[in-house]
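Undergrad: next one to model:
(chains A and B)
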Protein chains: 2
Amino acid sequence: MTLNSVSPDFLNALSAALPADSLRAAEPRYLEEPRGRYQGQAGAVALPRTVHEVSEILKQANAAQVGVVPYGGGTGLVGGQIAPEGPVPLVLSLERMNAVRAVYPEENVLVAEAGVILADVQSAAEKVDRLFPLSLAAEGTARMGGLLATNAGGVNVLRYGNTRDLCLGLEAVLPNGEIWNGLTRLRKDNTGYDLRNLLIGAEGTLGVITAAALKLSPRPRGLGTALMVVPNPAAAIDLLALARDQFGEAVSAFELMHRQGLAFMAEHLPEIRQALDPCPEWCVLIDLGLAREANTDSALLELFEIAMERELVTDGTIAQSEAQRQEIWSVREHIPIANKAVGSIVSHDISLPISAIPAFVDQGGAALAKLGDMRINCFGHLGDGNLHYNVFPAAGRSRDDYADLRGDIQTCVHDLVAQFQGSFSAEHGVGRLKVSDLEHYGDPTKLAAMRAIKSALDPNGIMNPGAVLAEQ
Amino acid sequence: MTLNSVSPDFLNALSAALPADSLRAAEPRYLEEPRGRYQGQAGAVALPRTVHEVSEILKQANAAQVGVVPYGGGTGLVGGQIAPEGPVPLVLSLERMNAVRAVYPEENVLVAEAGVILADVQSAAEKVDRLFPLSLAAEGTARMGGLLATNAGGVNVLRYGNTRDLCLGLEAVLPNGEIWNGLTRLRKDNTGYDLRNLLIGAEGTLGVITAAALKLSPRPRGLGTALMVVPNPAAAIDLLALARDQFGEAVSAFELMHRQGLAFMAEHLPEIRQALDPCPEWCVLIDLGLAREANTDSALLELFEIAMERELVTDGTIAQSEAQRQEIWSVREHIPIANKAVGSIVSHDISLPISAIPAFVDQGGAALAKLGDMRINCFGHLGDGNLHYNVFPAAGRSRDDYADLRGDIQTCVHDLVAQFQGSFSAEHGVGRLKVSDLEHYGDPTKLAAMRAIKSALDPNGIMNPGAVLAEQ
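TA: Numbering: from 1, shown residues only, chains lettered A, B, ... in the order given. Down below sits the predicted model:
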């Protein structure tokens, strides 16, 4: 199926069917992405205010066989929101659908439109003394529609799950323009195929999410955070098991950090105070959220002491105040910013069976050393088996020196991940960046099923063409 | 697409491709179901031992256009495992694929084949000091494949989620016989469409699940159970919120019971000791599982006292020993057995937005009273908004007296559920019993998408024909 580029006739017809000011020329922000790998193209940006307008847009695009690229906050890291080539598409931004439609504190449910910024969902939940636990670096910019379409992760997945797990129901428009009213607030509903989870994680290739019923949680009252130095990743995994034995689900986050990341931060962000001196080779941030106010310091101290006995930790610090908690978290949150200042050769967003992580870290380092002199910053959501495994030039060299090695490094890492039955995309998705990885590493039966589903729901291939699945 | 009945030629060809003793005539147990509503038919039962044999069976059935009805433990309550009419199908029983393939305690993962009985998964987890939290009445008979295919619920959904939420990866055979190796143990994997959740809950209409990687949890050490008398369902909902504020995720179960069910039990199962005398109109069972050993009695007593102050409870009992815990649970577990002894006119497995439950209970009782003199036993998983709303004859009358009213009662209840944006199938699925409900109450866009997906993955319509979707 060949798509058509957006034409003046198409825009005229669409414009006539929508309220004034619904179409605009695409400003640069719609055509750029955070890592600067792609430069997009767009015949126009459509800015609908209602699900019915989204329906009208998809109906016309489907009839005219024009590609549609859904656009949320533009924070995706794999080019899912950017179409750099092929027939010129229409960008469909959900930013005007930014209402929190309803909050049901007694049900722990909030209904938000796709254009609501994550931080605003968090605030709306906080206003009714509830927690919306999705939390990630881009939370001030990322919008719910994109977070759902990419099944975003973040720091609280260990306790509360991915975005998928935080969604009870969806309102969406399918590629033919039909509206699905699936905005249920039910915890249990076994009436037919799981269309919700099919759209979540499909990265806009099967339809446009316009609103979601989201799960809230009670706000934990007893917050505590510690930074513990571990001798190696294997000890960190044992420490995680110990912490969960002690505290159950109250372990809200368990983040691994490596000396390389802390060193980058010391160099490029010296204003960020680092609690541990000297910089440990490996450390973990443990975040605890007990239901009731409690002495979390002493609880974390007890964990630390048991872990010391078992030689799982060698040093550490426990926050004694909310300011110290923020300080510890600030270190974790600034790692990506320090990384960006250094400039990676290539970044990997991988996941592994948790018990495979120590062997992966050893073998990954050894394999990359054979390719050249590089620095590795391996950090991330250890509790979920999700590592951000980013590779940097040796000190004093530039990423351009490694341009020829970039593909080899990525293949080396992803091959090793596959060998350990891991994933080459843990939380960022496939987008356009990893389409060939999916072709290469994906299960052939699953890929064939994905293509069959795509053809069935989007026979003209208008939805986010070129993302996730290679065009046939 | 018209299917063919199983023929001698088909069985001969299939038999030649499989090990000896892989095909048998269908004994009665494959053709009956717990509520006796359906009598099945089968050309034979296939009993594969491996995923490759399942693949061979589906390939041949697909080529011959013969229907295949997957069969697990036979405990489904909506006829999903029984084909009473149409061309005679092959029954595919997974009972020989009953190995626990691997246990990874350090990852909280267990890999089980589809034929493993739920109680055996629970035991295998317990052996490594872990919990597999899925728990329901049929756990001694139900098999994992069927539990996954129907996304079964049970008593611990509040804390641990439905079966869907307990599954990390699947191995499955699609209708064309292709094997999907999706048996990942990863907590995060955003590499393409969510085929796992599409097969989970599809009730065997999109393929056959042959194995699953299941999530285990740390075993809670501090167990406590209380029975609290509440003035009405609204107070029960407030009590749930209070309990979750106090204990967070440690509230493992929150079950509503009504006097009618307790009265049925007193009459038909007098050997079951009931802790509360006189029988309260409404009461809730609260189950607490703290990570560490703790004085759960005093924790529950504190909850009770706060709830008394707020007039949410009027009486109650807190288990002082494991024996007393079991006694309280035994009351809850025997409600369905007592129901069966009485014999319902019609049972409903419904869910509602939690805040709608009080109004539903009032209006449901009033609406049914207009239809005739009946007794209602409304009980179930209040924490999930899931009620089993079962309607019985008036005292001294028989269910046969109400045969003509049965449809009207069901329509009355399901219409009211739809009015409150609830679901006519919370945890039992659609099966064959609720196909027309799905047609009537289902969202038309979702139904069209389901049909498109079914046609795309199973163009010959061989998988569990007549279940979930009406045959076109």
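
Undergrad: near residue A:254, how many other residues are there?
TA: 23 (other CB atoms under 10 Å in any protein chain shown). C-betas here are computed from N, CA, C, even on glycine.

Undergrad: quick check: it touching residue A:380?
TA: No. Counting by CB atoms under 8 Å, residue A:254 does not reach residue A:380; the two are 10.3 Å apart.

Undergrad: enumerate every residue touching the closest residue to residue A:187 other than its chain neighbours.
TA: Distances taken as CB to CB, 6 or more residues apart in numbering or on different chains put residue B:384 closest to residue A:187, at 4.2 Å, once the chain neighbours are dropped. Contacts for residue B:384 were tallied using CB atoms under 8 Å, 6 or more residues apart in numbering or on different chains; they are A:187-188, B:153, B:157-158, B:351, B:426.

Undergrad: mind running it again at 10 Å?
TA: With contact set as CB atoms under 10 Å, 6 or more residues apart in numbering or on different chains, residue B:384 has these partners: A:186-188, B:153-158, B:161-162, B:253-255, B:351-352, B:354, B:426-427.

Undergrad: ok, residue A:160 next?
TA: A:131-135, A:154, A:166, A:215, A:217, A:249, A:252-253, B:249.

Undergrad: any idea which element residue A:452 lies in?
TA: Assigned by DSSP states H and E, residue A:452 falls within helix A:444-457.

Undergrad: now residue A:197
TA: Assigned by DSSP H and E, residue A:197 falls within helix A:195-199.

Undergrad: what's the average pLDDT for that helix?
TA: Average pLDDT, helix A:195-199: 98.

Undergrad: following that helix, which helix or strand shows up next?
TA: strand A:208-215.

Undergrad: phi and psi next, for residue A:12.
TA: Residue A:12 has phi and psi values of phi -60, psi -50 when expressed as degrees, to the nearest 10.

Undergrad: and for residue A:154?
TA: According to degrees, to the nearest 10, residue A:154 has phi 100, psi -160.

Undergrad: residue A:407 too?
TA: According to degrees, to the nearest 10, residue A:407 has phi -60, psi -40.

Undergrad: and residue A:101, how many neighbours?
TA: 15.

Undergrad: and the closest residue to residue A:211 other than its chain neighbours, how far from residue A:200?
TA: Nearest-residue entry for residue A:211: residue A:171, 4.1 Å, with adjacent residues in sequence omitted and distances by CB to CB, 6+ apart. Here the criterion is CB to CB, to the nearest Å. By it, residue A:171 lies 13 Å from residue A:200.

Undergrad: between the two, which contacts overlap?
TA: A:209, A:212.

Undergrad: mind checking which of the two has more residues around it?
TA: residue A:200 (29 against 23).

Undergrad: what sits against the more buried one?
TA: By CB under 10 Å, 6+ apart, the neighbours of residue A:200 are A:147-152, A:162-167, A:170, A:172, A:194, A:209, A:212, B:190, B:193-194, B:197.

Undergrad: please redo it, this time with the cut-off set to 7 Å
TA: Listed by CB atoms under 7 Å, 6 or more residues apart in numbering or on different chains, the contact set of residue A:200 reads A:148, A:151, A:163-164, A:167, B:194.

Undergrad: same question for residue A:330.
TA: Taking CB under 7 Å, 6+ apart as the test, what residue A:330 contacts is residue A:272.

Undergrad: again, only using 8 Å
TA: A:272-273.

Undergrad: picking up where we left off before, filter the contacts of residue B:384 down to just the ones in helices.
TA: B:157-158 (DSSP state H).

Undergrad: how close does the residue of the stretch 251-400 of chain A found nearest chain B get to residue A:61?
TA: Residue nearest to chain B within the stretch 251-400 of chain A (CB to the nearest CB): residue A:291, separated by 3.3 Å. Here the criterion is CB to CB. By it, residue A:291 lies 48 Å from residue A:61.

Undergrad: so which of the two has more stuff around it?
TA: Remark: of residue A:291 and residue A:61, residue A:61 carries more neighbours, 26 against 21, as counted by other CB under 10 Å.

Undergrad: top helix in chain A by residue count?
TA: helix A:322-342.

Undergrad: buried residues in it?
TA: A:324-325, A:327-329, A:331-336, A:338-339, A:342 (16 or more other CB atoms under 10 Å in any protein chain shown).

Undergrad: and if you look at stretch A:290-309?
TA: A:290-291, A:294, A:296-297, A:299-300, A:303-304, A:306-307.

Undergrad: in stretch A:131-143, what counts as buried?
TA: Quick answer for stretch A:131-143 (16+ other CB under 10 Å): A:131-139, A:142-143.

Undergrad: state the helix or strand in which the closest residue to residue A:388 other than its chain neighbours lies.
TA: Leaving aside its chain neighbours, residue A:388 sits nearest to residue A:380 (4.3 Å; criterion: CB to CB, 6+ apart). Residue A:380 is part of strand A:374-381 when elements are defined by DSSP H and E.

Undergrad: likewise for residue A:168?
TA: Residue-wise, residue A:168 maps onto strand A:167-173 under DSSP H and E.

Undergrad: which residues in the stretch 251-400 of chain A form helices?
TA: Ranges of helices in the stretch 251-400 of chain A, per DSSP state H, counting those that start in this stretch, are A:259-268, A:296-309, A:322-342, A:357-371.

Undergrad: and the second one, what does it pack against?
TA: Looking back up the chat, that one is helix A:296-309. Under the contact definition 3 or more CB pairs under 8 Å, 6 or more residues apart in numbering or on different chains; DSSP states H and E, helix A:296-309 sits against strand A:222-230, helix A:233-247, strand A:282-290, strand A:315-318.

Undergrad: for the last one, which strands pair with it and how are they oriented?
TA: In the sheet containing strand A:315-318, its partner strands are strand A:222-230 (antiparallel), by DSSP bridges.

Undergrad: the strand it pairs with vs strand A:282-290, what angle?
TA: Here the directions of strand A:222-230 and strand A:282-290 differ by 160 degrees (axes from the mean of the first three to the mean of the last three CA atoms, to 10 degrees).

Undergrad: near chain B, which residues of the stretch 1-150 of chain A show up?
TA: Neighbours of chain B within the stretch 1-150 of chain A, by CB under 8 Å from any CB of the partner chain: A:104, A:106-107, A:109, A:150.
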